[in-house]
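Asks: This is a predicted model, with the sequence first.
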Amino acid sequence: MTDSPGTDIIVVGGGIGGLALAAGLRRHGFEVTVLDRDTDLRRTGGYHITLDPRAQQALAGLLPPDVFERLLASSADGRLRDPDPFWDHKGRLIGQARTASGVPGIDIDRITLRVLLAEAAGDRLVLGRTFENFRHSENGTVVARFDDGSEREAGLLVGADGVQSRVARQLAGGPTSRPTGLVGVCGRTPRARLSQDEQDRLGTRSSLAVGAHGTALYVGYLDPGAQAVLDAPELSMAVTKEPIYIWGAMFPESEHTGQMRALSESGLRDATRDLLRSRGWGERPLAVLEHTDTQGIAVFRFNAASSDPQEQAPWPAGNVTALGDAVHATPPTAGMGAGVAIRDAAALVEELQAARAGQKALRVAVHDFEGGMRERGAEAIRAAMKTVNWVLATNTPAGAALTRAALPVLAGLHGLKRSSWSSWSG
């Protein structure tokens, strides 16, 4: 194995983590090539990404200042949101966050973020290339092989190729995550398509509605125009041009949800709505599905790596490593997955700078990076699995019965609380 990062680094995967890594490496003078199987960066899964202050700080160090400035101009400021509400499956308010969001997080379109990161990564982004496997040469460098039979040699190979990572699977000798038992369907609904009553109910905030039988509906809000972090519309690259709601329905995995993968986008919308109806959901919370833009609706499985950091990246440190969902796959229920991948990228750049400066050997730099990555990943997985386990608990006979009994009571108590407060304040 080589003792330094070498003159070339290969990153497999042009998602958020891989492009963030490439941008940071390029900014600090490393030779890096990113290869991704996609042929169009804008054809990407997901809808919007939340970045907490730690992820924002990492990006500020990875990106050139002008690109970071455009990122802020394209993002919505979480501090401008009202307190997030909780609803039941009939659309009745059952709770509310204690205060307004107040957390300096930002929301940005996944497509917008990916395009900005790709710009910062430069012209060594190669699209339409699918990674197959890697091997080590006689002199210790790593050789990556691709589906067209071509090979590339480098001093370091980084797998940033997501939940089904081929790099991490080869390193670990098997999958690095497993299904949680939940399936999600997600889409986008322009706010203007909803009735005024429904716009008022949902507001300009995110919310979560819950029902029995392992069902839930997240509705996020995104308006990078009116809620921009940086008021500089001339710099904005946001693909979202009007206020929208981003919704995500959750169901226990079953034969029925497996069949949904074969449906067209409009068929998937209808099947999602009908499945929620069959579980007792009322029409009011389903309005956001009824009026959705059927183009781009997607179904996906919630996968998660172990929340025990000792079980993540179970391989000896060397000149092949991985980051993000390739190692610590995280369900979307905590909004932390992309942010942690970005922090992974920043940490690896820092370690590789130390190795290049001769402060530590490459193996030690990778070892130290992987140790921190395990802890970051475990934190995010634990946070995300709280919601996953809560939703799944309502799918047991006892859980379903308790949920059906408790939700009307919670709605009534919250209504009394609001009524009492209104009378007192009046």
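Replies: Received the coordinates, thanks. All figures in this text were calculated on a predicted structure; none of them were measured in a lab.
Asks: residues near Val340, how many?
Replies: With neighbours defined by other C-beta atoms under 10 Å, the count for Val340 comes to 28. (Glycine included, C-beta is placed from N, CA and C.)
Asks: how near is it to Ala232?
Replies: Distance of Val340 to Ala232, given as C-beta to C-beta, to the nearest Å: 28 Å.
Asks: Equivalent analysis for Asp325, please.
Replies: Distance from Asp325 to Ala232, by C-beta to C-beta: 32 Å.
Asks: Look at those two and report which has more neighbours.
Replies: Counted by other C-beta under 10 Å, Asp325 and Ala232 do not tie: Asp325 has more neighbours, with 29 against 13.
Asks: Find the nearest non-adjacent residue to Thr272, please.
Replies: Computed as C-beta to C-beta, 6 or more residues apart in numbering, the closest residue to Thr272 that is not its neighbour in sequence is Val185, at 4.6 Å.
Asks: For the stretch 151-300 of the chain, which segments are assigned as helices?
Replies: Secondary structure of the stretch 151-300 of the chain (DSSP state H, counting those that start in this stretch): helices located at 166-172, 196-202, 255-260, 265-278, 283-290.
Asks: Pick the most deeply packed of these.
Replies: Stretch with highest mean neighbour count among the helices of the stretch 151-300 of the chain: helix 166-172 (a mean of 22; mean count of other C-beta atoms under 10 Å).
Asks: ok, and what's touching that one?
Replies: 12, 131-134, 157-159, 161, 175-176, 313-315, 320-322, 326-327 (C-beta atoms under 8 Å, 6 or more residues apart in numbering).
Asks: can you tell me which of the residues you listed are in strands?
Replies: Using DSSP state E, the subset of the contacts of helix 166-172 located in strands is 12, 131-134, 157-159, 320-322.
Asks: Dihedrals phi and psi, the residue nearest to Gly337 when sequence neighbours are not counted?
Replies: With C-beta to C-beta, 6+ apart as the criterion, Gly337 has its nearest non-adjacent residue at 4.1 Å, and that residue is Thr330. Thr330 adopts backbone torsions of phi -130, psi 130, taken as degrees, to the nearest 10.
Asks: Wait, Thr330 touches Ala380, no?
Replies: Yes. Applying C-beta atoms under 8 Å as the test, Thr330 and Ala380 come out as touching, 4.7 Å apart.
Asks: Who has more neighbours out of those two?
Replies: Ranked by neighbour count (other C-beta under 10 Å), Thr330 and Ala380 place Thr330 first, with 31 against 24.
Asks: Low-confidence bits of the stretch 301-426 of the chain, can you list those?
Replies: Residue ranges of the stretch 301-426 of the chain with pLDDT under 70: 416-426.
Asks: before we move on, back to that, between Thr330 and Ala380, which contacts overlap?
Replies: 336-337, 340.
Asks: Could I get the contacting residues of the residue nearest to Gly337?
Replies: Counted by C-beta under 8 Å, 6+ apart, Thr330 has contacts 304-305, 336-337, 340, 377, 380-381, 384.
Asks: and stretch 133-149, how far from the chain's centre?
Replies: Taking the mean of its C-alpha atoms, stretch 133-149 sits 30 Å from the chain's own mean (C-alpha atoms, centre = their mean, to the nearest Å).
Asks: now the contacts of helix 166-172: which count as buried?
Replies: 12, 131, 134, 157-159, 161, 176, 313, 320-322, 326-327 (16 or more other C-beta atoms under 10 Å).
Asks: which of those sit farthest apart?
Replies: Using C-beta to C-beta, the pair of the buried ones among the contacts of helix 166-172 lying farthest apart is Phe131 and Ala313, separated by 18.2 Å.
Asks: so Leu217 sits right up against Leu208, yeah?
Replies: Yes. Contact status for Leu217 versus Leu208: in contact at 7.3 Å, counting by C-beta under 8 Å.
Asks: more crowded one of these two?
Replies: Each of Leu217 and Leu208 has its neighbours counted (other C-beta under 10 Å); Leu217 has more, 23 against 19.
Asks: which residues does that one contact?
Replies: Neighbour list for Leu217: 208-209, 247-250, 276, 281, 285, 288 [criterion: C-beta under 8 Å, 6+ apart].
Asks: same check, this time on Ser137
Replies: With C-beta under 8 Å, 6+ apart, Ser137 has these contacts: 143, 153.
Asks: Give me the pLDDT for it.
Replies: At Ser137, the pLDDT value in this model is 95.
Asks: And the buried ones among the contacts of helix 166-172, which is closest to Arg54?
Replies: Val327 (17.6 Å).
Asks: The closest one contacts Pro175, doesn't it?
Replies: No. Between Val327 and Pro175 there is no contact under C-beta under 8 Å: 11.6 Å.
Asks: number of nearby residues for Asn319?
Replies: Asn319: 24 neighbours (other C-beta under 10 Å).
Asks: Quick check: phi and psi on Gln57?
Replies: When quoted as degrees, to the nearest 10, the phi and psi of Gln57 stand at phi -60, psi -40.
Asks: Local confidence estimate at Leu41?
Replies: Taking Leu41 on its own, its pLDDT is 85.
Asks: Output the longest helix belonging to the protein.
Replies: Assignment by DSSP state H gives helix 362-393 as the longest helix of the chain.
Asks: Regarding the residue nearest to Thr394 when sequence neighbours are not counted, what is its secondary structure?
Replies: Nearest non-adjacent residue to Thr394, counting by C-beta to C-beta, 6+ apart: Thr403, 4.5 Å away. Here Thr403 takes the helix state, with states given by DSSP: H, G, I helix; E, B strand; the rest coil.
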